[in-house]
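Engineer: structure here, sequence nowhere to be found:
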């Protein structure tokens, strides 16, 4: 597939009118539309065409939802098959052949130790509802209410999920340090930093005067997404599993964004070999349509009928699209492809730092990649044994890079503590040619942003 160069900007009246009406009618809470003022009208694979006739390479992929890109043939066929069959599209939580096929395919991909003894709860259509369900489940099973979560976490936008996320205020969740090499909270980095983070967790839980009641669960992301694309070290993951098992604390793995091959294994817990008690799944499992579930050990299945429900938990079209997506990723070894291509892209991006001092760190796993942009002329904020000094993040540069990427027909997202991390979440169907184009356009955008006289005056975080 040829990579189409972006056409010259030429906003059509229809394009401008739609954007104007959106700004007048939609709430101030809208996010992506602010930094990505495009009007998609057609899409296929990695390519989006806007109402203005421009084409873009989409490295956002619905925030990781589109494992196979836009409108993949196997997804469209699965949806058409259900529609043409006359099957009911809304069934609450009744059993259907479509649901049975989805569950069977999903269980075939899970860690075997979990799948052999698992239960599944279909939740409301968003990942945040599945997080809420996981919290209710472990609280009902344990009789405890407190939770353990991590700095930099993101688990959704409903009340309980927000309480466990990094920006929470006034909540009853104990916050633990998430290991980072580039900005290690202990100034160590690497294995030493991860060990210190694990030691602190153990100490706090075992300290009778630590002020931490016995928790119902620990929730973590195997790779933090919104927190800045921070992969959890495998050894640290195993330590968290040991710590929770020893203290009868349920371990919840939030795989909403990391799942379905994104990080180079089908589920990101596969890198460490950890088998959690609960897995929270959404985004890519619906094949582009809304679907969210939790899968958990049967011993936890102690809640009463109706303890968690939702009118739209029986989305037949999403289950059909999801089953087709799961099968396609599994049968075509796309997780392995993501690992190989992601490593190649990481290497090329890391090489850019030689000519671009604004690149502080490049990190990620598989096709979940982050480039942290910094101000190299400012006084370092942190110093670690592994990486030396780390200049402060530069959200203005990141915003300028995002805009320059858009000017070059490349859609990227920002994340991280200060919205200074350029995030890449391309579909797993990314071709070699497209991967090269992504890095080339990003490199050009970085050069242009560094030279821009406006970047220092750019606004702060865009999300």
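Structural biologist: Received it, and whenever you're ready, just let me know what you need. From a predicted model like this one, the values you see are computed outputs, not experimental measurements.

Engineer: help me confirm that residue 120 is found in a strand?
Structural biologist: Yes - the assignment for residue 120 is a strand, going by DSSP: H, G, I helix; E, B strand; the rest coil.

Engineer: ignoring the adjacent residues along the chain, who's closest to it?
Structural biologist: Residue nearest to residue 120 in three dimensions, not counting chain neighbours: residue 295, with 5.1 Å by C-beta to C-beta, 6 or more residues apart in numbering. (C-beta placed from N, C-alpha, C; glycine too.)

Engineer: identify the bridge partners of the one you found.
Structural biologist: residue 120, residue 279 (DSSP bridges).

Engineer: what's the first helix or strand after the helix or strand of the chain with the lowest mean pLDDT?
Structural biologist: Among the helical and strand segments of the chain, the one scoring lowest on mean pLDDT, DSSP states H and E is strand 382-384, with a mean of 68. Past strand 382-384, heading to the C-terminal end, the next element that is a helix or strand (DSSP states H and E) is strand 388-390.

Engineer: list the buried residues for that following strand?
Structural biologist: Neighbour-count burial for strand 388-390, counted by 16 or more other C-beta atoms under 10 Å, picks out residue 390.

Engineer: return the distance of that strand from the chain's centre.
Structural biologist: For strand 388-390, the distance between its averaged C-alpha position and the chain's averaged C-alpha position is 27 Å (C-alpha atoms, centre = their mean, to the nearest Å).

Engineer: partners of it in the sheet?
Structural biologist: Strand 388-390 has the following strand partners under DSSP bridges: strand 382-384 (antiparallel).

Engineer: can I assume residue 330 is in contact with residue 109?
Structural biologist: Yes - between residue 330 and residue 109 there is a contact under C-beta atoms under 8 Å: 6.0 Å.

Engineer: find the residues that touch each one of the two.
Structural biologist: Listed as contacting both residue 330 and residue 109 by C-beta atoms under 8 Å, 6 or more residues apart in numbering are residue 266.

Engineer: comparing those two, which residue is more hemmed in?
Structural biologist: For residue 330 against residue 109, the residue with the higher neighbour count under other C-beta atoms under 10 Å is residue 109, and the figures read 19 against 16.

Engineer: which one is that one nearest to, not counting chain neighbours?
Structural biologist: Beyond its immediate neighbours in the sequence, the residue positioned closest to residue 109 (C-beta to C-beta, 6+ apart) is residue 266, lying 5.1 Å away.

Engineer: just for the protein, where's the confidence low?
Structural biologist: 1-12, 167-171, 382-387, 453-463 (pLDDT under 70).

Engineer: quick check, central residue of it?
Structural biologist: The centroid of the chain falls nearest to residue 257 when counting by C-alpha atoms, centre = their mean (3.1 Å).

Engineer: give me the element that residue is part of.
Structural biologist: Under the criterion DSSP H and E, no helix or strand holds residue 257.

Engineer: for it, give its distance to residue 134.
Structural biologist: Taken as C-beta to C-beta, to the nearest Å, the spacing of residue 257 relative to residue 134 amounts to 15 Å.

Engineer: contacting residues for the residue nearest to the centre of the chain?
Structural biologist: Contact analysis of residue 257 by C-beta under 8 Å, 6+ apart lists 63-64, 221, 223, 225, 283, 368, 425.

Engineer: same question, residue 134
Structural biologist: The contact partners of residue 134, taken as C-beta under 8 Å, 6+ apart, are 217, 219, 252, 278, 280, 294, 296.

Engineer: again, only this time at 7 Å
Structural biologist: When the contact criterion is C-beta atoms under 7 Å, 6 or more residues apart in numbering, the partners of residue 134 are 252, 278, 280, 294.

Engineer: where do the helices of the stretch 51-200 of the chain begin and end?
Structural biologist: Secondary structure of the stretch 51-200 of the chain (DSSP state H, counting those that start in this stretch): helices located at 61-64, 73-85, 97-109, 112-115, 127-142, 159-163, 190-206.

Engineer: ok, which of those helices comes nearest residue 150?
Structural biologist: Checking the helices of the stretch 51-200 of the chain against residue 150 by C-beta to C-beta gives helix 190-206 as the closest, at 9.0 Å.
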